[in-house]
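Novice: Provided below for reference: sequence and predicted model.
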Amino acid sequence: MQFNLSAKKATLLGCTAPITWGLSVSFIKGITDYLGVGRGLAITYTLSFIIVFFLFGLPNLQKIPWKYYLCGLGSAITCSMSFAFSLALSQGGTQAMEVGMINYLWPSLTILFAVIFNHQKAKWWLGIGMVGAIYGICIVLSGNVLVDFKGMYFHILENPLSYFLGLTAAISWAAYSNFTKAWSRGENPTVLVFAADVIIFNVLNLSGVEVPKDFTWFGLGIAVLAALVLGFAYGFWTIGVQKGNITILSIVSYFTPVLSCVFASIFIGAQLTGAFWIGVGMVVVASFICWRATI
């Protein structure tokens with residue numbers, strides 16, 4: 001399906017994605033807890049693939065350059081895998097939100113990569129925004145506004161792979177957004193991304209490497225809701241970054257961490273301290289500074 005939209009409408013459509021992504025941490029964590037990584041994500045991404053296929057159809061494969069297949073789709077698939085496994089490996093709702101907050105570095109990184117790779121003009125205080133975003137994450141991980149870096153280091157060592165995958169997801173998604181802007185030639189590759197995800201998660205599900213969990217209708221319900229959120233969000237975000245204003249999209253995305261924390265407190269029992277919320281606020285403000293640096 002082709003969407004002939006003005007830049008304003010494409011931007012508005014893309015702005016719906018970060019809002020719904022506020023649910024993604026809670027959904028993915030719930031899916032992996034109730035259904036398992038392989039089965040749960042295989043169901044979720046299969047349903048999402050069906051949604052995006054009927055919504056967007058196949059892109060013109062001959063029009064897309066090979067460098068985008070390698071770098072653009074590669075970074076999107078890396079993000080999907082890293083994000084899912086970072087949450088699946090997290091221990092409890094609070095740690096899942098810590099991992100999720102690391103992933104929310106992607107708005108600032110998206111702007112930084114736009115400056116580096118897409119020749120986006122920026123003011124010198126972009127660096128201040130990036131440092132502020134990173135410091136906000138340090139507050140989240142240390143549990144103290146005056147960051148205890150030694151304590152934060154040992155905290156990360158409790159589950160280093162989960163935190164590392166969260167950071168990988170952030171970097172990969174920022175890269176995907178910029179590769180799509182630069183090289184997709186107006187084609188929406190969302191269905192290709194989900195097709196690859198479907199294959200990977202179904203192979204994992206059928207491989208038997210994971211101890212199967214008992215099937216629950218509640219878990220299936222979460223998987224269906226997550227599929228709707230992921231399918232529409234990925235597709236609409238891609239339209240936004242292709243035809244809309246990427247800096248405006250980044251502004252809206254700054255509020256995703258706040259929504260994510262609210263939902264996590266409700267759905268997965270995350271116990272978020274005052275310092276955690278201060279860190280979240282600093283990430284949001286720092287992301288806004290990064291955006292202002294591009295005006």
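Specialist: Thanks, I have the structure now.
Novice: E187 and Q62 touch, don't they?
Specialist: No: E187 is not in contact with Q62 according to CB atoms under 8 Å; the separation is 9.8 Å. Any C-beta I mention is one placed from the backbone N, CA and C, and that applies to glycine too.
Novice: these two: which has the busier surroundings?
Specialist: Between E187 and Q62, E187 has the larger neighbour count (other CB atoms under 10 Å), namely 20 against 7.
Novice: any low-confidence regions in the stretch 101-250 of the chain?
Specialist: Residues of the stretch 101-250 of the chain meeting the criterion pLDDT under 70: 211-212, 250.
Novice: same thing but 80
Specialist: 118-119, 186, 188, 208-215, 234-235, 238, 241-242, 246-247, 250 (pLDDT under 80).
Novice: quick one, helices of it?
Specialist: 106-117, 126-142, 149-156, 160-183, 190-207, 217-243, 246-253 (DSSP state H, counting those that start in this stretch).
Novice: what helices or strands is the second one leaning on?
Specialist: It refers to helix 126-142. helix 92-103, helix 106-117, helix 149-156, helix 274-292 (3 or more CB pairs under 8 Å, 6 or more residues apart in numbering; DSSP states H and E).
Novice: go again with 10 Å.
Specialist: Counting contacts by 3 or more CB pairs under 10 Å, 6 or more residues apart in numbering; DSSP states H and E, helix 126-142 packs against helix 92-103, helix 106-117, helix 149-156, helix 160-183, helix 256-267, helix 274-292.
Novice: in that helix, what's buried?
Specialist: Across helix 126-142, burial judged by 16 or more other CB atoms under 10 Å covers 126, 129-130, 132-133, 135-142.
Novice: and the last one, by the same measure?
Specialist: In terms of neighbour count (16+ other CB under 10 Å), helix 246-253 has its buried residues at 246-253.
Novice: please apply the same query to the first one.
Specialist: With burial defined by 16+ other CB under 10 Å, the residues of helix 106-117 counted as buried are 106-115.
Novice: hmm, V140 is touching N103, no?
Specialist: No: contact between V140 and N103 fails when scored by CB atoms under 10 Å: they sit 11.5 Å apart.
Novice: overlap in contacts of those two?
Specialist: Common neighbours of V140 and N103 are listed as P257 (criterion: CB atoms under 10 Å, 6 or more residues apart in numbering).
Novice: surely Q242 and N178 touch.
Specialist: No: using CB under 10 Å, Q242 is not in contact with N178, being 11.6 Å away.
Novice: good, we can wrap up now.
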